[in-house]
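K.L.:
Fold the following and give me the result.
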Amino acid sequence: MLHIVNKSHRQTSALASCLRLARPGQALLLTEDAVFAATRAGAASSGLAAALGTLEVYVLQPDVEARGMAGKLIEGVRPIGYDGFVDLVAARSTSQSWL
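P.N.:
Numbers count the residues shown, from 1 in each chain. Next up is the predicted model:
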């Protein structure tokens, strides 16, 4: 399964709910303002740092760059472009967008 979160962990509980219900080996893609959770400043408070050992975590690189977060991501998070986003969706039988 691919989990997709687009809201900041400071705006909604979508990421917290996702992390609580995601299973080991599943993938998580952070887009839009959710990329703040993958920064050194946001990873601990968002719960993402603890999830890195069990989930494949990706961020949409254009969203990272648009928010000035390039170079601020925690280790283990994989930046991808739009083509990588398509590949992630195609590689998974299901996806869940967390609103």
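K.L.:
nearest residue to the residue nearest the centre of the chain other than its sequence neighbours?
P.N.:
Centroid-nearest residue in the chain, with C-alpha atoms, centre = their mean: Leu30, separated by 2.8 Å. Leaving aside its chain neighbours, Leu30 sits nearest to Val59 (4.8 Å; criterion: C-beta to C-beta, 6 or more residues apart in numbering). Bear in mind the C-beta positions are built from the backbone N, C-alpha and C, glycine included.
K.L.:
Okay, now stretch 39-47: how far is its last residue from its first?
P.N.:
The straight-line separation of the ends of stretch 39-47 (C-alpha to C-alpha, to the nearest Å) is 12 Å.
K.L.:
How about stretch 52-71?
P.N.:
OK, stretch 52-71 end separation, C-alpha to C-alpha: 18 Å.
K.L.:
Contacts made by it with the rest, please.
P.N.:
Stretch 52-71 has contacts (C-beta atoms under 8 Å, 6 or more residues apart in numbering) with 3, 19, 22, 24-33, 35-36, 38-39, 48, 51, 73-74, 76-82, 84-85, 88.
K.L.:
Check which element follows the lowest-mean-pLDDT helix or strand in the chain along the chain.
P.N.:
The least trusted helix or strand in the chain, going by mean pLDDT, DSSP states H and E, turns out to be helix 43-46, with a mean of 90. Downstream of helix 43-46, the next assigned helix or strand under DSSP states H and E is helix 48-51.
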